[in-house]
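1. sequence unknown, structure follows:
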């Protein structure tokens, strides 16, 4: 009976593991895809920032050249401010993307830890143990059936022997009764 309970528990554990895996696997895949996307976005943004910084540096050099050559320094300063504001905005955007990536990486670490915990239950090993337990149970059942048949056979033989003993006791009583009646008849005839 304990084997049956253990088998049931193992089967339920396997079912639970399958359900949990089915439930969380899409989420893990989505998060890994999001992290991959953010990583590629980050790389692209860093490339753009580097490119923009080069452009800014080039434009600053050009502005400096133009400011020394031109009389209209106010328009050049205005452009410089605009470019500076744009680069600041892009830096802020990159910083927010980096923080978002860090948060997603933390989520990925926790999801991987959870996945590792789920893998501890190793369904193939549990199935192997379940199959071995089922085989042992089948062997024990066969042995119990053989013992039951043997017990039934011994009981029937015992019943037959008891019946023979009763028959022999009845015959013995009949013989003793005949001897007694013959002895009484012999005494009556002698008297």
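-> The structure has been received and is ready for your questions. Just so you know, these numbers come straight off a predicted model, no measurement behind them.
2. for the helix or strand that contains residue 82, packing partners?
-> According to DSSP states H and E, residue 82 maps onto helix 73-119. If contacts are counted by 3 or more C-beta pairs under 8 Å, 6 or more residues apart in numbering; DSSP states H and E, helix 73-119 sits against helix 2-69. For the C-beta atoms, the positions are set from N, CA and C on the backbone; glycine is no exception.
3. now the helix it packs on against helix 73-119, angle please.
-> Per axes from the mean of the first three to the mean of the last three C-alpha atoms, to 10 degrees, the angle that helix 2-69 makes with helix 73-119 is 170 degrees.
4. so in this structure, where's the weakest helix or strand by average pLDDT?
-> When the helices and strands of the chain are compared on mean pLDDT, DSSP states H and E, helix 2-69 comes out lowest with a mean of 81.
5. that helix - contacts with which helices or strands?
-> So helix 2-69, by 3+ C-beta pairs under 8 Å, 6+ apart, packs with helix 73-119, helix 123-190.
6. take those and write them to CSV, including distance to residue 16, mean neighbour count and mean pLDDT.
-> Shown next, in CSV, are those (distance: least, C-beta to C-beta, whole Å; neighbours: other C-beta atoms under 10 Å; pLDDT from 0 to 100):
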stretch, distance to residue 16, mean neighbour count, mean pLDDT
helix 73-119, 10, 13, 87
helix 123-190, 11, 10, 88
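7. so for residue 18, which of the ones you listed sits nearest?
-> Closest to residue 18 of the helices and strands packed on helix 2-69 is helix 123-190 (C-beta to C-beta; 7.4 Å).
8. could you list every helix and strand in contact with that closest one?
-> Here helix 123-190 is seen to pack against helix 2-69 when contacts are counted using 3+ C-beta pairs under 8 Å, 6+ apart.
9. could you check the angle helix 123-190 makes with the helix it packs on?
-> Going by the same axes, to 10 degrees, helix 2-69 makes 170 degrees with helix 123-190.
10. how far off centre is helix 2-69?
-> Mean-position distance between helix 2-69 and its chain equals 26 Å (C-alpha atoms, centre = their mean, to the nearest Å).
11. that older thread, using TSV, lay out the helices and strands packed on helix 2-69 together with distance to residue 39.
-> What follows is the helices and strands packed on helix 2-69, written out as TSV (distance: least, C-beta to C-beta, whole Å):
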stretch	distance to residue 39
helix 73-119	7
helix 123-190	32
